[in-house]
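Chemist: 3D model of this:
(one chain, ligands or ions: 2)
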Amino acid sequence: MVGVTVEAALSLWDEVLENVEYRTMPLSVTVARDYVLAETITLPHDVPHFNKSAMDGYGLIYEDGRRNYIIDGIIGAGVVWNAQVPLGHAVRIMTGAMVPTMCDTVVMQEQCKTDGHIGSTLEIQGQITKGSHIIYQGEDGRKGLEVIPEGTVITTAVQAVLMGLGYEMVEVYRKPRVLVLTSGREVIDPGLKLVPGKIYNSNRVMLQGFLKDLGVVETVQYHVTDDPVAYDDELEAIIRLARDCDIIVSSGGVSVGLYDTLPKMYTALGAKVLYGRIQMRPGAASYGAVTPKGQLIFGLSGNPGAAFNGWHLLVKPVLQRYLGREGQLGKVLLCSLGEGIEKKNPFDRYVQGSIVFEKGRPVFYKNCSNASCGLVGLVTVNALAKIPKGVNSVSGGEDIEVHML
Ligand SMILES: Nc1nc2c(c(=O)[nH]1)N[C@H]1C(S)=C(S)[C@@H](COP(=O)(O)OP(=O)(O)OC[C@H]3O[C@@H](n4cnc5c(N)ncnc54)[C@H](O)[C@@H]3O)O[C@H]1N2
Ligand code: MOO
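Modeler: Numbering: from 1, shown residues only. Ligands and ions are numbered 1, 2, ... in the order given. Got it, this is the predicted structure:
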């Protein structure tokens, strides 16, 4: 099976996503971090919604040449001054307090010689400018202005803005519930004794962690042994667990081995296959399908290095879009190649490595190991360099396209 390119696979997912019913829900802003806004936020009022003092000082009506003013009162933040402030008079005002409507200027207290008491006189020292130290109504934005577009990821800063605008609840996209499957009789959990033939399960925590990075925390995990005698029971378990899930992400069991049974199980769920192999290295063993209920299935290779690439190139961009975020392959940066790469590339190769900055310029260094089965090298990967199909040698110093992760 030759399979499709990464780009073709993503287009197939694009078509699937067009038919996904995006479900939204109202959510308290206080717990909305990492959700995606399903509505566009406009300013519900002018911001700020009154003229306010930028300084602790004195509010007054500016008069050319006048240096002395009588203090009529004191306004703290949150207090509204309802009386007049006649010419030649001033009110002591605190930062953030509403400037009385008739006052056009605030003078910083450092520029005033006075004891600050009501009835006392203040004498202005030095030059003052009419209109200074007032933050005008609507300076940050006028009522109705669109400030946060639908599709924005709610970061801490966005939460702060929403709260500052008085929003208690916002409409967000629901997050999917994800069934994370690992597979293989050889795969055991850390803590158990490592005996010949067995390996520890690194992919489960990797996939759950990557999901968490996207804000998806509602996950259920299950291990399929691929043992033919357990097939019926395991299929029953998957059918049951899949009932409450929107997405399935699995590791292993998607190649052509005798015990690679996950695609067979997915067929039993009624899944329609989008692709069974990808024209890329590592990560060729990747599977994509959709169930009649619209559940998305991503089958990744069991090999950790291949599963890592499969996640970043095929799963993450699709899930980002599913979550309402802008989904794209990692941002591409043109980097200079640290050391040459020689490898036959019948398909696009995505080389794991890291970007470092040398004299302010990005340089890409490949990992010590780039095999599908590589595990240890994943510790430092922060980028994937794309070597296009047919290019079998790239020299050190050459420019190369690198996907930042
Ligand atoms: N005859 C062929 N054999 C293979 C082909 C092929 O085209 N023809 N494709 C190869 C490629 S490419 C890859 S990659 C692997 C992928 O195989 P699977 O996705 O079916 O994965 P498994 O066979 O289940 O496991 C592969 C490897 O990964 C280890 N593994 C599995 N699960 C985990 C886990 N949770 N954590 C860590 N490591 C895991 C497993 O023990 C195997 O060593 O197939 C090639 N074969
Ligand atoms: O899926 Mo494989 O990673 O191309 O060796």
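Chemist: for the residue of the stretch 101-250 of the chain found nearest ligand 2, what are phi and psi?
Modeler: Ranking the residues of the stretch 101-250 of the chain by distance to ligand 2 (CB to the nearest ligand atom) places N203 first, at 12.8 Å. (C-beta placed from N, C-alpha, C; glycine too.) N203 adopts backbone torsions of phi -70, psi -30, taken as degrees, to the nearest 10.
Chemist: is it true that it touches T182?
Modeler: Yes - using CB atoms under 8 Å, N203 is in contact with T182, at 5.6 Å.
Chemist: can you list residues touching both of these two?
Modeler: S251, G252, G302 (CB atoms under 8 Å, 6 or more residues apart in numbering).
Chemist: ignoring the adjacent residues along the chain, who's closest to the first one?
Modeler: Taking CB to CB, 6 or more residues apart in numbering as the measure, S251 lies nearest to N203, with 3.8 Å between them; neighbours along the chain are not counted.
Chemist: tally up the residues packed near the one you found, please.
Modeler: 27 (other CB atoms under 10 Å).
Chemist: pLDDT value on it, please?
Modeler: N203 carries a pLDDT value of 97.
Chemist: renumber starting at 23 from here on
Modeler: Got it, the first residue is 23 from now on, which makes the last one we talked about N225.
Chemist: in contact with it, which residues?
Modeler: T204, S273, G274, L322, G324, P326, A329.
Chemist: would you mind measuring from it to K388?
Modeler: Using CB to CB, to the nearest Å, one gets 22 Å for the distance from N225 to K388.
Chemist: cool, A30 as well?
Modeler: Distance, A30 to K388, by CB to CB: 26 Å.
Chemist: between these two, who's got more neighbours?
Modeler: K388 (22 against 14).
Chemist: wait, that one sits on A407?
Modeler: Yes - using CB under 8 Å as the test, K388 is close enough to A407 to be in contact (7.0 Å).
Chemist: what is in contact with those two at once?
Modeler: I363, V373, G375.
Chemist: give me the pLDDT for the last one.
Modeler: So the one you mean is G375. Listed pLDDT for G375 reads 96.
Chemist: in the strand or helix carrying it, what counts as buried?
Modeler: Element membership for G375 (DSSP states H and E) is strand 370-380. Using 16 or more other CB atoms under 10 Å as the test for burial, strand 370-380 gives D370, R371, Y372, V373, Q374, G375, S376, I377.
Chemist: for that strand, which strands pair with it and how are they oriented?
Modeler: Within its sheet, and counting by DSSP bridges, strand 370-380 is paired with strand 302-303 (parallel), strand 383-388 (antiparallel), strand 405-409 (antiparallel).
Chemist: wait, which of these is closest to ligand 2?
Modeler: Nearest of these (CB to the nearest ligand atom): strand 302-303, 4.9 Å.
Chemist: skip ahead from that closest one and say which helix or strand is next.
Modeler: strand 309-312.
Chemist: let me see the residues that make contact with that following strand.
Modeler: Strand 309-312 is contacted by residues 31, 34-35, 38, 276, 284-285, 288, 293-299, 318-322, 336 when judged by CB under 8 Å, 6+ apart.
Chemist: what's the PyMOL line that selects buried ones from these?
Modeler: Buried residues among the contacts of strand 309-312 (16+ other CB under 10 Å), as a PyMOL selection:
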select buried, resi 31+35+38+276+284+285+288+293+296+297+298+299+318+319+320+321+322+336
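Chemist: thank you kindly, that will do.
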